[in-house]
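Q: sequence plus the predicted model coming up.
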Amino acid sequence: TCFAFLLAGLLVASANADAPEGQLPPAPQGKTLKLVWHDEFEGDRLDESKWTYRPDGKRKGGWWSRKAISLDGHGHLVITTFMDGDKPTDGCITTQGKFEHAFGYYVARAKFQKEPGHWSAFWITGPGVSKVGNGGRDGTEIDIMEKPWLDDRVTHNLHWDGYGEHHEHEGFKATVPGVMEGWHTFGLLWLPDEYVFYVDGKETWRSKAGGVCQVPQYMLLSDEIGPWAGDIADAKLPDQFMVDYVRVYDLVDAE
């Protein structure tokens, strides 16, 4: 128990050690942030007690395959975009069925792809997104970070009430100089009455769109192929989207 307590303390300390990008956001009055879930992507195999591979198959302008998912042995998840024969291929992992959560602070440290035609994302969703009639309260796709452009822009997006005729959306494009170079953190403080988005520990957008999701949802790390990001035929493949860690903190009463 003493070792576990020490380890948790070290993880919280390390989350703040790489300031400013690793800084935790300010907690509301009387609250503090407590680490409740994390993956540092150590070892050489994905931890399947925490993540599930999204099924192989057609996805947007390409294909998803678990062959695209690997760990590099140096503490990083790697999602590779490559040609599998004539199929442009990448992949996705999710915590669906293994960690589903509401509220708190969610953060990933990532390094972006370099080639056009595909985009990386860190997001949260659940089956309630397809429900219509209660805004986003019963389910919202929360895109903490999507990166379709090879420039300084990062986009945050919210989707609710399904993806058909009742679909609702609100989003924001943040400009972050130098975001294409090296490692950066992308965070969401999900409060019961507001979403607050962060890049490198600095607030970029806040929204109450949809009424704010009130139900547990799961996380995803993905790469997808499609024209939003340009033409995959122009890409020099393979290309990589890398993630150093994903961490989730709960808001708890301060002592």
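A: Noted; the coordinates are in hand.

Q: please point out which parts of the longest strand along the chain sit buried.
A: Longest strand of the chain, by residue count under DSSP state E: strand 239-253. Of the residues in strand 239-253, Asp239, Gln240, Phe241, Met242, Val243, Asp244, Tyr245, Val246, Arg247, Val248, Tyr249, Leu251 count as buried by neighbour count, 16 or more other Cβ atoms under 10 Å. Using the backbone N, CA and C atoms, a C-beta is placed for each residue, glycine as well.

Q: OK, contacts around the fourth one?
A: With contact set as Cβ atoms under 8 Å, 6 or more residues apart in numbering, Met242 has these partners: Asp72, His76, Leu77, Val78, Ile79, Ala110, Lys111.

Q: could you redo the last one with a cut-off of 10 Å?
A: Taking Cβ atoms under 10 Å, 6 or more residues apart in numbering, we find Met242 in contact with 41, 72, 74, 76-80, 109-113, 120, 183.

Q: the second one now?
A: Remark: with contacts taken as Cβ under 10 Å, 6+ apart, Gln240 is in contact with 68, 70, 72, 76, 78-82, 90, 111-115, 120, 223.

Q: buried members of these into PyMOL, please.
A: The following PyMOL line selects those of the contacts of Gln240 that are buried, judged by 16+ other Cβ under 10 Å:
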select buried, resi 68+70+76+78+79+80+81+82+90+111+112+113+115+120+223
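
Q: quick one: stretch 102-110 to chain centroid distance?
A: 7 Å (Cα atoms, centre = their mean, to the nearest Å).

Q: so for that stretch, what's the average pLDDT?
A: Mean per-residue pLDDT for stretch 102-110: 98.

Q: what comes up buried for that stretch?
A: Judged by neighbour count using 16+ other Cβ under 10 Å, the buried positions of stretch 102-110 are Gly104, Tyr105, Tyr106, Val107, Ala108, Arg109, Ala110.

Q: then stretch 196-216?
A: Buried, per 16+ other Cβ under 10 Å, within stretch 196-216: 196-201, 204-205, 207, 209-210, 212-214.

Q: try stretch 60-71
A: Going by neighbour count (16+ other Cβ under 10 Å), the buried part of stretch 60-71 is Lys60, Gly61, Gly62, Trp63, Trp64, Ser65, Ala68, Ile69, Ser70, Leu71.

Q: over to stretch 135-149?
A: So stretch 135-149, judged by 16+ other Cβ under 10 Å, has buried residues 135-149.

Q: quick one: Lys31 and Arg59, what's the gap?
A: The gap separating Lys31 from Arg59 is 38 Å, by Cβ to Cβ, to the nearest Å.

Q: the two: which has the busier surroundings?
A: For Lys31 versus Arg59, neighbours defined as other Cβ atoms under 10 Å are more numerous around Arg59 (20 against 14).

Q: can you pull the contacts of the more buried one?
A: Counted by Cβ under 10 Å, 6+ apart, Arg59 has contacts Ser65, Thr89, Asp90, Gly91, Cys92, Ser222, Asp223, Glu224, Ile225, Gly226.

Q: what about the strands in the stretch 101-250 of the chain?
A: Here the stretch 101-250 of the chain has its strands, by DSSP state E, counting those that start in this stretch, at 104-111, 118-125, 141-147, 153-160, 168-175, 184-191, 194-199, 202-207, 217-225, 239-253.

Q: can you tell which of those is closest to Val36?
A: Val36 sits nearest to strand 239-253 of all the strands of the stretch 101-250 of the chain, at 4.7 Å, using Cβ to Cβ.
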